[in-house]
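Trainee: Sequence first, then the predicted structure:
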Amino acid sequence: MDNESRENGRDPVNGENRDNSAGKNDDYVFMNQVIKKKPVDKKAWALRIIVVLILAVCAGILAAFVFVKMVPVAENLVGADKTAEKVQIPSGKDDDSSTVIAASSSSSAEASSSSAPEETPAPSETVTATPTPIPSPTPLIIEKPEEKDYIRDYRNLYREMQNVAYESEKSLVQVIASTQEQDFFNQNYTSQAQACGVCVAETSENLYILTNHHQLAGAEELQVALFNNTVVGAQYQGSDEETDLAVVSVAKADIGEETLGSIQVAHLDSAGGVSRGEPILVLGNPFGYANSMAFGMVTSITNKISVIDAEYNVYLTDIEGSESGSGVMVNLDGEVIGILSAQPGEAIGSKTITAFAFSQIRGDVERLCNNEKQPYVGIRGQDVTPGTSQQSGVPEGILVTSVVDDSPAMLSGIKEYDVITAIGDEETKNLSKYQEIISNYAPGTAVQIKVMRKGAEDYEEMQFDLQIGER
């Protein structure tokens with residue numbers, strides 16, 4: 001029966017037809033399986049860690065044993081010394097040096113005695129150690145090299161110049177000009193300008209201080225600070241904007257007798273015999289701050305600056321200063337040969353300290369001290385020398401380079417490029433002579449000026465009546 005069933009395609013157990021079940025895909029069933037990770041063997045890992053620790057301890061013990069055994073062998077091979085003795089520099093005293101050296105000798109003796117076998121001396125004998133005398137070290141003496149003669153002379157020169165400066169500074173003061181102003185928030189504050197001043201004259205009642213005009217312009221209060229920081233009030237005497245000069249006076253009654261006795265009137269140059277290359281000192285505020293000085297020399301004396309109705313020589317130096325500098329130029333005899341001013345430096349394009357020759361401004365300073373008006377014509381000019389006249393064809397005299405507006409010269413008819421040849425009966429060959437002639441006239445005086453004016457073919461002589469003005 002089983003065989004028949006197989007042959008007929010039936011399942012002997014269930015009795016179903018296998019052909020019918022195999023033809024249906026929906027009758028297949030698949031088994032779902034989940035693969036789990038193998039669990040960690042904690043005991044095996046703990047055993048491994050213990051084994052590693054045991055091996056590490058054994059290796060450390062072996063290394064320490066080898067190190068202990070090999071250190072003496074290495075020291076014998078290398079020949080390492082014992083701890084070196086600390087070196088001390090002796091203080092230079094013989095007793096201290098002997099003490100240090102004796103101590104080291106005794107320690108050496110102790111070391112050698114410790115290495116030798118000990119011997120017990122007989123009770124009746126006394127052993128006394130005789131110290132070996134140690135010579136004292138010879139001190140090292142560094143001899144100072146002998147100073148050369150030219151270096152000694154150089155030092156002495158500067159000492160002498162310093163003495164000249166200290167003596168000349170007794171005539172210097174600081175002039176302080178104060179002005180009340182308002183800031184952006186309408187708050188009042190005091191603005192101050194400071195310049196160096198030099199005492200140029202005195203009377204029984206006053207001292208007269210020469211300083212720079214631009215520092216005093218618009219000042220509401222003037223004060224003078226003396227060498228001992230005593231500050232006293234000052235009075236305005238006069239100023240000249242063209243030369244940047246101003247004079248203030250200080251009452252002697254406002255100065256204590258002791259302080260007054262230490263102030264002296266400066267020694268002022270009158271000859272003008274300054275030469276190029278001459279050593280000089282600049283004192284006061286040449287670098288823009290008070291109580292400074294510098295040494296140098298005059299590099300040029302031929303430069304000139306033309307101002308209204310005058311021309312002045314300017315001394316140039318090799319010292320670089322400040323545009324706001326002020327003070328005096330002094331020669332080695334202590335004479336004031338120049339008044340420092342930035343104005344001539346700006347006019348000739350020099351960046352070094354420049355000064356007006358005092359011998360040429362002496363008359364102007366005297367007028368300012370007496371509050372006298374300056375005679376005024378109102379021209380600027382330059383000299384026409386014989387050589388220049390021969391080359392250019394311009395007559396000798398003073399070539400007018402500019403005429404001041406509304407000046408006596410303009411009102412009289414004098415024009416630019418006229419050549420002034422005479423004032424009154426005196427010829428004017430150069431500006432120095434012209435300045436001398438003008439200074440002798442009082443303001444308001446009527447004079448006649450002769451000029452040569454360029455015409456259609458040649459120069460023609462003309463005369464102009466002029467009344468001297470004042471400024």
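Mentor: In hand now; what should we look at? Everything numeric in this text was worked out from a predicted model, so none of it was measured.

Trainee: ok, which stretches of the stretch 151-300 of the chain are helices?
Mentor: 213-216, 257-262 (DSSP state H, counting those that start in this stretch).

Trainee: Which among the ones you listed is found nearest to residue 168?
Mentor: helix 257-262 (13.4 Å; C-beta to C-beta). For the C-beta atoms, the positions are set from N, CA and C on the backbone; glycine is no exception.

Trainee: How many neighbouring residues does residue 307 have?
Mentor: Counted with other C-beta atoms under 10 Å, residues neighbouring residue 307 total 18.

Trainee: That one reaches residue 241, doesn't it?
Mentor: No: with contact defined as C-beta atoms under 8 Å, residue 307 does not count as touching residue 241 (9.4 Å).

Trainee: related to what we said a few turns ago, and the helices of the stretch 151-300 of the chain, which is most packed in?
Mentor: helix 213-216 (a mean of 20; mean count of other C-beta atoms under 10 Å).

Trainee: counting contacts, what elements does that one pack onto?
Mentor: strand 172-182, strand 188-202, strand 235-240, strand 245-251 (3 or more C-beta pairs under 8 Å, 6 or more residues apart in numbering; DSSP states H and E).

Trainee: In terms of secondary structure, what does the second one contact?
Mentor: Packing contacts for strand 188-202, counted by 3+ C-beta pairs under 8 Å, 6+ apart, involve strand 172-182, strand 206-212, helix 213-216, strand 279-285, strand 326-330, strand 335-340, helix 358-369.

Trainee: Now do the contacts for residue 254.
Mentor: 232, 233 (C-beta atoms under 8 Å, 6 or more residues apart in numbering).

Trainee: wait, I meant residue 394
Mentor: Here residue 394 is in contact with 384, 388, 419, 459 (C-beta under 8 Å, 6+ apart).

Trainee: Kindly provide the distance from residue 379 to residue 53.
Mentor: Plainly put, residue 379 is 114 Å away from residue 53 if you go by C-beta to C-beta, to the nearest Å.

Trainee: And residue 67, by the same measure?
Mentor: Taking C-beta to C-beta, one finds residue 67 at 21 Å from residue 53.

Trainee: next one: residue 176
Mentor: Counting by C-beta to C-beta - residue 176 and residue 53 are separated by 91 Å.

Trainee: beta partners of residue 191?
Mentor: The partner list for residue 191 in beta bridges (DSSP bridges) reads residue 179.

Trainee: nope, residue 233 is what I was after
Mentor: Going by DSSP bridges, residue 233 is paired in beta bridges with residue 223.

Trainee: Thought residue 248 was touching it, still the case?
Mentor: No: using C-beta under 8 Å as the test, residue 233 is too far from residue 248 to be in contact (9.8 Å).

Trainee: higher neighbour count, those two?
Mentor: residue 248 (28 against 12).

Trainee: any idea of the pLDDT on the more buried one?
Mentor: What the model reports as pLDDT for residue 248 is 96.

Trainee: pretty sure it contacts residue 197?
Mentor: Yes: if you go by C-beta under 8 Å, residue 248 and residue 197 touch, sitting 7.2 Å apart.

Trainee: joint contacts of the two?
Mentor: With C-beta under 8 Å, 6+ apart, residue 248 and residue 197 have common neighbours 175, 209, 211, 224.

Trainee: May I ask which of those residues has the most neighbours?
Mentor: residue 211 (29 neighbours).

Trainee: rewinding a little: now for the shared contacts of residue 248 and residue 197, which pair is the farthest apart?
Mentor: It's 211 and 224 that sit farthest apart of those, by C-beta to C-beta, at 9.3 Å.

Trainee: picking that back up, give me whichever of the helices and strands packed on strand 188-202 is most buried.
Mentor: strand 326-330 (a mean of 29).

Trainee: ends of stretch 251-265, how far apart?
Mentor: One end of stretch 251-265 sits 14 Å from the other (C-alpha to C-alpha, to the nearest Å).

Trainee: Give me the distance from it to the chain's centre.
Mentor: Its chain's C-alpha centre and that of stretch 251-265 lie 35 Å apart, by C-alpha atoms, centre = their mean, to the nearest Å.

Trainee: ok, now stretch 446-453?
Mentor: 54 Å.

Trainee: Burial check on the residue nearest to residue 307 when sequence neighbours are not counted, number of neighbours?
Mentor: Once flanking residues are discounted, residue 307 sits nearest to residue 242: 4.1 Å by C-beta to C-beta, 6 or more residues apart in numbering. When neighbours are counted by other C-beta under 10 Å, residue 242 registers 19.

Trainee: Now the phi/psi pair for residue 242, please.
Mentor: The phi/psi pair for residue 242 (degrees, to the nearest 10) reads phi -70, psi -40.

Trainee: pLDDT at it, what is it?
Mentor: 87.

Trainee: Hmm, it is touching residue 310, no?
Mentor: Yes: counting by C-beta under 8 Å, residue 242 touches residue 310, with 7.5 Å between them.

Trainee: Turn the helices and strands packed on strand 188-202 into TSV, including mean pLDDT and distance to residue 405.
Mentor: Output for those, formatted as TSV (pLDDT from 0 to 100; distance: least, C-beta to C-beta, whole Å):
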stretch	mean pLDDT	distance to residue 405
strand 172-182	92	29
strand 206-212	95	26
helix 213-216	87	21
strand 279-285	95	35
strand 326-330	95	30
strand 335-340	94	29
helix 358-369	92	23
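
Trainee: Determine which of these approaches residue 350 most closely.
Mentor: That would be strand 335-340 among the helices and strands packed on strand 188-202, by C-beta to C-beta, at 12.4 Å.

Trainee: Quick check, residue 342 in contact with residue 323.
Mentor: Yes: counting by C-beta under 8 Å, residue 323 is a contact partner of residue 342 at 5.0 Å.

Trainee: Leaving aside the residues adjacent along the chain, what's closest to residue 177?
Mentor: residue 219 (3.5 Å).

Trainee: list the contacts for the one you found?
Mentor: Counting by C-beta under 8 Å, 6+ apart, residue 219 touches 177, 178, 179, 193, 236.

Trainee: Can you list phi and psi of it for me?
Mentor: phi -70, psi 140.

Trainee: Might you report the residue contacts of the residue nearest to the spatial centre of the chain?
Mentor: For the chain, the residue nearest the mean C-alpha position is residue 287 (9.9 Å; C-alpha atoms, centre = their mean). Residues in contact with residue 287, defined by C-beta under 8 Å, 6+ apart, are 294, 321, 322, 325.

Trainee: again, only using 7 Å
Mentor: Shown in contact with residue 287 (C-beta atoms under 7 Å, 6 or more residues apart in numbering): 321, 322, 325.
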